[in-house]
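Participant: take this sequence and fold it.
(one chain, ligands or ions: 3)
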Amino acid sequence: MALMDLQERNERLFYKLLIDNVEELLPVVYTPTVGEACQKYGSIFRRPQGLYISLKEKGRILEVLRNWPEKSIQVIVVTDGERILGLGDLGCQGMGIPVGKLALYTALGGVRPSACLPITIDVGTTNEDLLKDEFYIGLKQRRATGQEYYELLDEFMTAVRQNYGQKVLVQFEDFANHNAFTLLEKYRANHLVFNDDIQGTAAVVLAGLIAALKSVGGTLADHKFLFFGAGEAGTGIAELVALEISRQGKVSVEEARQKIWLVDSKGLVVASRNEILQPFKKRYAHEHEPVKDLLDAVKAIRPTALIGSAGVGRSFTKEVIETMSSINERPIILALSNPTSQSECTAEEAYTWSQGRAIFGSGSPFDPVKYNDKLFVPAQANNAYIFPGFGLGVVISGAVRVTDDMVLAAAEGLADQVTPEHIDKGLIYPPFSIIRKISANISARVAAKAYDLGLASQLPRPKDLVKYAESCMYTPVYRSYR
Ligand SMILES: NC(=O)C1=CN([C@@H]2O[C@H](COP(=O)(O)OP(=O)(O)OC[C@H]3O[C@@H](n4cnc5c(N)ncnc54)[C@H](OP(=O)(O)O)[C@@H]3O)[C@@H](O)[C@H]2O)C=CC1
Ligand SMILES: CC(=O)C(=O)O
Ligand SMILES: [Mg+2]
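Facilitator: Ligands and ions are numbered 1, 2, ... in the order given. Take a look at the predicted model:
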């Protein structure tokens, strides 16, 4: 709340504080505290920090957008609040997420604060507690779905283009997966859209896996990946890993997918399942007998990497991690779910139960752990490493579309920043303290790819894209009045 006040009162000072103390303040502005802020948003609400567009504004969305005082917008982060971190449907209170993500766009990626627009689309909520809460700030009705929902989203996308042109990046954030995949597929061909939970998470995890293999050995194709959670994050990562395996090994993506297994709420995703599987899962429904729970799936599949993205806290039990450690000398264990309460295990559990052998990363931060007199520094496997630099790359190149190749370029840009010293310490990402340098490099890789693909409209192409990205980054300094 103090930081929200500072952001409102003195924006430059807020960003100066955030940039200079990024490792200390990231857990406040972002996960895990932002999750708690969203849960309590109604009672701590002071002033609107972003733009709310509700069902009641259907037919007038362009007019509503025009009410926003800034006219030159480069990045919009939009949510409908249905899957806020691993906390479920928080309706309008999800606004904390676009606000927090855009604060990182500026602090970590150098996009001007005035060019950032947080938006929450309010179509109601299924959260009974919020519907009964007198302080709930959103529409007190059950969520609109189907045609009514998609028409509103269509009107929103059209209004964004009419108001800001085709070069504003729309980042979808924390939509439920029954809409997220559909919206991405629907708009990616004709609009500049990016789904952070699907594509940003994929890039950060692929980069972490590439770095982890420098310690563990082998190529991606030599490994076997088991995902606990087969939704946006899980299958988004799976698809990018499969794409990278196919590029490295010159095999088809279908063949590369054979290295990847998914567990969802019903157990291992297998071909014999008696149900219609969503397309994003179906590709991974391999031939195997049914397996009900995670521990049995680990025993049956014998993965080298276990990646948690189910939003179910403490699901990597002692037995699961011990089994991973009995199969692998250096098990790769990523507990991606946010916030900390939903993390699949703690850093301490991962290191202790694997007797210090796990290569561990988590979506929310954990303090370093001392085990057998050795200090282990857990990596934060969070898309915050990717989206600020990715967005900056799109902005500086004037890219008009986001492609998988650009997402792959972002992953490679991050993996390249992991040095032998980081690897020696067991780190799979560089520290957040140098995030602006990391973002400039990611941005340059993304922009280069956009130019190579003929998708960049900002001409001529700068010679040194890293330097150019750095020169474009917003830095909070007071103006000299003399
Ligand atoms: N670290 C990072 O950068 C990121 C982390 N995340 C985190 O990942 C988590 C999931 O997000 P997302 O993928 O978007 O969510 P989704 O809702 O798209 O997917 C959740 C998946 O988990 C499965 N699941 C739910 N409960 C269980 C259970 N008890 N056992 C096994 N599987 C279960 C669901 O199964 P079913 O399909 O059967 O319903 C679904 O496949 C969240 O906590 C989020 O915060 C997300 C994005 C980025
Ligand atoms: C990090 C993120 O985007 C999420 O947990 O949803
Ligand atoms: Mg998210």
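Participant: A helix includes residue 64, no?
Facilitator: Yes - assessed with DSSP: H, G, I helix; E, B strand; the rest coil, residue 64 lies in a helix.
Participant: so where's this structure uncertain?
Facilitator: By pLDDT under 70, the chain contains no weakly predicted segment.
Participant: minimum distance to ligand 1, which residue of it gives it?
Facilitator: residue 231 (1.9 Å; Cβ to the nearest ligand atom). In short, each C-beta sits where N, CA and C put it, glycine included.
Participant: and that residue, how many residues sit next to it?
Facilitator: 25 (other Cβ atoms under 10 Å).
Participant: quick check: it vs ligand 2, distance?
Facilitator: Relative to ligand 2, residue 231 is positioned 11 Å away (Cβ to the nearest ligand atom, to the nearest Å).
Participant: thought that residue was touching residue 177?
Facilitator: Yes - using Cβ atoms under 8 Å, residue 231 is in contact with residue 177, at 4.5 Å.
Participant: quick check: residues of this structure near ligand 2?
Facilitator: Proximity of the chain to ligand 2, by Cβ under 6 Å from any ligand atom, involves residues 85, 174, 196, 197, 338, 363, 382, 383.
Participant: OK, contacts around the third one?
Facilitator: With contact taken as Cβ atoms under 8 Å, 6 or more residues apart in numbering, residue 196 is in contact with 77, 101, 171, 172, 173, 383, 387.
Participant: picking that back up, which one of the residues of the chain next to ligand 2 has the most neighbours?
Facilitator: Using other Cβ under 10 Å as the neighbour criterion, residue 363 leads those with 30 neighbours.
Participant: tell me the contacts of it?
Facilitator: Contacts of residue 363 by Cβ under 8 Å, 6+ apart are 31, 335, 336, 337, 338, 343, 380, 381, 382.
Participant: dihedrals phi and psi, the closest residue to residue 85 other than its chain neighbours?
Facilitator: Using Cβ to Cβ, 6 or more residues apart in numbering and skipping the chain neighbours, the partner closest in space to residue 85 is residue 338 (4.3 Å). For residue 338, the backbone dihedrals (degrees, to the nearest 10) come out as phi -120, psi 160.
Participant: residue 338: what's it in contact with?
Facilitator: 31, 32, 35, 85, 86, 311, 363, 364, 382.
Participant: quick one: which of the residues you listed is nearest to ligand 3?
Facilitator: Closest approach to ligand 3 among the contacts of residue 338 (Cβ to the ion): residue 85, at 6.7 Å.
Participant: what's the spacing between the closest one and residue 280?
Facilitator: Per Cβ to Cβ, to the nearest Å, residue 85 is found 20 Å from residue 280.
Participant: tell me which stretches of the stretch 251-400 of the chain form strands.
Facilitator: Using DSSP state E, counting those that start in this stretch, the strands found in the stretch 251-400 of the chain span residues 260-264, 267-268, 305-308, 332-335, 359-362, 369-371, 374-376, 379-380.
Participant: now the ones you listed as a markdown table including mean neighbour count and distance to residue 292?
Facilitator: As requested, the strands of the stretch 251-400 of the chain are exported to a markdown table (neighbours: other Cβ atoms under 10 Å; distance: least, Cβ to Cβ, whole Å):
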| stretch | mean neighbour count | distance to residue 292 |
| --- | --- | --- |
| strand 260-264 | 25 | 10 |
| strand 267-268 | 20 | 5 |
| strand 305-308 | 28 | 17 |
| strand 332-335 | 29 | 21 |
| strand 359-362 | 28 | 26 |
| strand 369-371 | 15 | 32 |
| strand 374-376 | 14 | 32 |
| strand 379-380 | 25 | 31 |
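Participant: tell me which of these sits nearest to residue 20.
Facilitator: Within the strands of the stretch 251-400 of the chain, the stretch nearest residue 20 is strand 379-380; the backing value is 18.7 Å (Cβ to Cβ).
Participant: hmm, the closest one touching ligand 1?
Facilitator: No - judged by Cβ under 6 Å from any ligand atom, strand 379-380 makes no contact with ligand 1; its nearest approach is 8.1 Å.
Participant: show me what that strand is packed against.
Facilitator: strand 359-362 (3 or more Cβ pairs under 8 Å, 6 or more residues apart in numbering; DSSP states H and E).
Participant: what does the strand it packs on contact?
Facilitator: 208, 212, 215-216, 330-336, 343, 347, 350-351, 376, 378-381, 426, 428-429.
Participant: my guess is residue 103 meets residue 29, correct?
Facilitator: Yes - the pair residue 103 and residue 29 qualifies as a contact (Cβ under 8 Å) at a distance of 5.3 Å.
Participant: who's more crowded, those two?
Facilitator: Remark: of residue 103 and residue 29, residue 103 carries more neighbours, 26 against 22, as counted by other Cβ under 10 Å.
Participant: now do the contacts for the more buried one.
Facilitator: Per Cβ under 8 Å, 6+ apart, neighbours of residue 103: 7, 18, 29, 30.
Participant: let's see it at 10 Å
Facilitator: 3-4, 7, 14-15, 18, 25-26, 29-30, 34, 49, 113, 116, 118, 388 (Cβ atoms under 10 Å, 6 or more residues apart in numbering).
Participant: looking at these, state which has the most neighbours.
Facilitator: In the contacts of residue 103, the most neighbours by other Cβ under 10 Å go to residue 388, 30 neighbours.
Participant: which residue packs closest to it, ignoring adjacent ones?
Facilitator: residue 109 (2.6 Å).
Participant: also residue 172?
Facilitator: Using Cβ to Cβ, 6+ apart, the nearest residue to residue 172 is residue 195, at 4.6 Å.
Participant: was I right to think the one you found contacts residue 232?
Facilitator: Yes - using Cβ atoms under 10 Å, residue 195 is in contact with residue 232, at 7.2 Å.
Participant: can you count the residues close to the closest residue to residue 398 other than its chain neighbours?
Facilitator: Spatial nearest neighbour of residue 398, chain neighbours left out: residue 458 (3.3 Å); criterion: Cβ to Cβ, 6+ apart. Other residues lying near residue 458 total 16 when counted by other Cβ under 10 Å.
Participant: list the residues that contact residue 58.
Facilitator: Each residue near residue 58 by Cβ under 10 Å, 6+ apart is listed here: 123, 144, 148, 151, 152, 155, 156.
Participant: if we go to 7 Å?
Facilitator: By Cβ atoms under 7 Å, 6 or more residues apart in numbering, residue 58 lies in contact with 152, 155.
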